[in-house]
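Undergrad: model this:
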Amino acid sequence: MISRLLAAPVRLASYLQLVIYPGLVLAVSLFLPENRFFVHLPLHAVVETFGALVALFVTSLILIFHRDQRIAEMPLAVPLGLTSMGLLDMFHAAVGPGEAFVWLHSLATFVGGLMFATVSMPFGRRPASENLIPLGVIALVVVAAASLSIWPGQWVPAMLVDGEFTLSARLLNLAGGVFFLFAAYHLNRLYDRQDEKNHRLFALHCALFGTAGLIFELSTIWDAAWWWWHVMRLAAYCIALVVMVQRIMGALVEHEKQQRMLDGIFNNTSSVMYVKDTEGRHMHVNRRYLDLFGITPQRILGKRDSELFPREMAEVFECNDREVLESGHLLQFEEQAPHDDGMHTYLSLKFPLRDKYERTYAVAGISTDITEHKRAEQRLLELAHYDELTGLPNRNYFMQHLAQHVEIARHHNHLLAVLFLDLDRFKNVNDSLGHPYGDSLLKQVAARLDGLMRQEDIVARLGGDEFVCLLPSVEHRDQVAQVAQKIIAALSRPFDVDGHELSACTSIGISLFPDDGGDGDTLIKHADSAMYRAKDQGRNRYEYYTHELTLQVSQRFRLEGDLRHAIERRELYLVWQPQFSLASGELIGAECLLRWQHPEHGLVPPDEFIPLAEESDLILFIGDWVLCAAIAQMAGWQARVPSLKASINLSPRQLSAAGLSQRIRSLLEQYGVSPGRIQLELTESGLMESQAVNAWLGQEAASLGLLLSIDDFGTGYSSLSRLKTLPINQLKIDRSFVKDIPDDENDIAITRSIIGLARGLELEVVAEGVETAYQERFLREAGCDIAQGYYYSRPVSAAEFETRYLRSQKEE
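TA: Here you go, the predicted structure:
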């Protein structure tokens, strides 16, 4: 409302000028001397020719700069009127006094006014840049009419009688003047709506032409009034020229500003940017391109890739450029370029450049160095398929290839052998010398094993001190025995580990396809059982699996039986490890962890009984107990610390079971716990491999309002395309990537990559296993959100957690 009130005086002034200026012109004409004549044909010709040239020049500028936004928005009525008047006035200036002389001028006034008056209609308000055809049509019609006017014969109506203008001449000029004044009014209204000052100048332009048309009524050829309205017409033409010059100068200034901006972007980006013509010659390159290859513009501009790079590299570049030219679309490539530290990988986006006629004249490229990303990506892939410590294939890799070779063996009807190795008394090395010595020993064992195998054999590390060998094609059992004996002999030789002479005797279990199993899982299971028998038989030996082998199975059954009663006997309990914000240091939440206090065996490690529960239905009952106990605990803590979150680990089998969503909803309602206080953690491998997990996540989890986290991220093999579609809000960096910071550059790079990935997906990042102040500082600076680990606290009981953390929170 205020802006309208402030704009009202401006609008009023714009309308007043349409009255004041023409009024002054008319007033002057009333005081001009009568019967004073000044006949000067050359001066008249100069005035009319100049005006006509200005009109045609302005029209030409509109055509030339019609793609510029400042010109493109000009109403079509303007170039229509200027074209018709310019052509007719040009003919008018070329003929001598007479009927055609007056007729051409009168026709110019009438047609010009009529064309300008079309601004009141939608047709005339269309942008001139989109309607160039009407200009051509009006030009042809006007030229034809003017040509007929000067053609010998009676083509022109009577315009002069005894030196005075006829009624026809006066009516044509009067009508043209009225049209011009009508156009001036509508152009001024257009200015009000679009806030375009140039429209107001064109309104004044039309007002002067309209006034000149009215003064024609008061004039006689060659008298003072006659010359006066010529001056007004010339002034109107000059206004049109001023408008166009202003617009073009503004366009040029804007173009220069945009060019400077583009040059700044072009030369200050970290990406390599270049433009090549359709023949592959370099037209433009940015500063990064020159710095990368250490050359000057003079050496590269006009040169093809074949003149600058090695042949194979140039052929790749040129092939990609041709593909872009042929497709006519933006394409993406990965290209290699040399650096001081070796070949780097670039992600190149290449696209065709087209002129205003949509003809391709060049190929532009933007190449970004993704070498570090590719290395980190490769590292993640290696972690998904290869053991980080030894470099051997891991369980995932081995199981995939074992399944493939089982099918090949089935098809060709030959034997396949699996050897399961476990180092004897390896735990003593870790306990006596420490984990670094144990890790070094494992590396040497892996290298020695790998050197013993044939090229087609596979050696993998399953974890800890367990290794497995696949012999994809064997002729008889004795051949497998020979390999086992060779392994035992090789590993029996001492290892030199930092000055310590260590032995790594091994027990080996052997299973054969098809006798001992028809799939990879069964073969591994039976080889594992045979390995335990070898240990029972004295270690440092090998055993074949037999159907009578029940000792290890019975032990596992006993442990499973004890685990089935652990809940009712109250042997299971939860411990809590606090999680802290790296930004503020505040307590954010706690992860609940399951413990089993066995009456005979004492505290059973989670990595022993949880896998056993996973293999049976026990995980469903135990998982439900954990959910219930954790949510019940949170009910008490929620009131004391409303912002506290509880992280609860879920098994993929739990997610596959029916009724999980209803069970969680029921527990939340029963204990009055907000869903936003529960963070469910799912392992990366389970998330990526189980379709049921993904189905539950997609359909149920979001509706519950729970927070979802991927645990141990980076140790599995994630599909990023699937990852971004899941309703997760948090990634947990596995402790294996944190523990060696700052000593391991690869772990630093991987951790940064995971944090960067999480940032790109707008996910929260949690680092587990933080043990030092340096690790905490590094994670904070890298952008990690939350941390947990022994640096802050070991997992503690609920009572101790309350004493340490919640009591202080309540006091605060």
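
Undergrad: what number of residues lie near Asp498?
TA: Other residues within reach of Asp498 by the criterion other CB atoms under 10 Å amount to 10. Bear in mind the C-beta positions are built from the backbone N, C-alpha and C, glycine included.

Undergrad: same question, Tyr544
TA: That count, for Tyr544 with other CB under 10 Å as the rule, works out to 22.

Undergrad: For the stretch 601-750 of the chain, which segments are assigned as helices?
TA: Counting by DSSP state H, counting those that start in this stretch, one finds helices in the stretch 601-750 of the chain at the ranges 606-615, 618-640, 652-656, 660-671, 684-689, 691-696, 702-704, 720-723, 735-738, 745-760.

Undergrad: among those, which is nearest His92?
TA: His92 sits nearest to helix 745-760 of all the helices of the stretch 601-750 of the chain, at 70.1 Å, using CB to CB.

Undergrad: Run the chain-centre distance for the helix or strand that the closest one is followed by.
TA: Following helix 745-760 in sequence order, the next helix or strand is strand 764-767 (DSSP states H and E). In terms of CA atoms, centre = their mean, to the nearest Å, the centre of strand 764-767 is set 22 Å apart from its chain centre.

Undergrad: what about strand 764-767, average pLDDT?
TA: Here the mean pLDDT over strand 764-767 is 93, rounded to a whole number.

Undergrad: now stretch 289-299
TA: With pLDDT averaged residue by residue, stretch 289-299 scores 81.

Undergrad: list the buried ones in that stretch?
TA: The neighbour-count check on stretch 289-299 (16 or more other CB atoms under 10 Å) flags Tyr289, Leu290, Leu292, Phe293 as buried.

Undergrad: Let me see the contact set for the second one.
TA: Taking CB atoms under 8 Å, 6 or more residues apart in numbering as the criterion, Leu290 is in contact with Thr296, Pro297, Ile300.

Undergrad: go again using 7 Å as the cut-off
TA: Thr296, Pro297 (CB atoms under 7 Å, 6 or more residues apart in numbering).

Undergrad: on that earlier part again, out of the buried residues of stretch 289-299, who's nearest Lys356?
TA: Proximity of these to Lys356 (CB to CB) peaks at Tyr289, which lies at 27.3 Å.

Undergrad: Not counting sequence-adjacent ones, nearest residue to the closest one?
TA: Taking CB to CB, 6 or more residues apart in numbering, and ignoring the residues beside it in sequence, Tyr289 has Val272 as its nearest neighbour in space, at 4.9 Å.

Undergrad: Could you report the pLDDT at Met399?
TA: What the model reports as pLDDT for Met399 is 93.

Undergrad: Burial check on it, number of neighbours?
TA: Other residues near Met399 number 17, with proximity taken as other CB under 10 Å.

Undergrad: going forward, begin numbering at 475 instead of 1
TA: Done: numbering now begins at 475, and the last item shifts to Met873.

Undergrad: Beta-bridge partners for the nearest residue in space to Gly572 that is not next to it in sequence, please?
TA: Counting by CB to CB, 6+ apart, Leu634 is the residue found nearest to Gly572 once chain neighbours are left out, at 7.4 Å. Taking DSSP bridges, one finds Phe639 as the beta-bridge partners of Leu634.

Undergrad: Distance of Leu634 relative to Leu1077?
TA: Computed as CB to CB, to the nearest Å, the Leu634 to Leu1077 distance reads 123 Å.

Undergrad: do the same with Pro771
TA: Distance check for Pro771 against Leu1077: by CB to CB, it reads 72 Å.

Undergrad: could you say what helices and strands the helix or strand where Trp702 lies packs with?
TA: When elements are assigned from DSSP H and E, Trp702 belongs to helix 698-742. Packed against helix 698-742, as judged by 3 or more CB pairs under 7 Å, 6 or more residues apart in numbering; DSSP states H and E, are the following elements: helix 476-504, helix 515-538, helix 543-546, helix 671-689.

Undergrad: The last one versus helix 698-742: what angle between them?
TA: To tie it back to what came earlier, the one meant is helix 671-689. 170 degrees (axes from the mean of the first three to the mean of the last three CA atoms, to 10 degrees).

Undergrad: secondary structure class for Val798?
TA: What DSSP: H, G, I helix; E, B strand; the rest coil gives for Val798 is helix.

Undergrad: Disregarding residues adjacent in the polypeptide, which is nearest to it?
TA: Per CB to CB, 6+ apart, closest to Val798 is Lys824, 4.6 Å.

Undergrad: So what's the residue count around the one you found?
TA: Other residues within reach of Lys824, judged by other CB under 10 Å, total 24.

Undergrad: So what's the gap between the helix or strand it falls within and the chain middle?
TA: Per DSSP H and E, Lys824 falls inside strand 816-828. The chain centroid and the centroid of strand 816-828 are separated by 16 Å, computed with CA atoms, centre = their mean.
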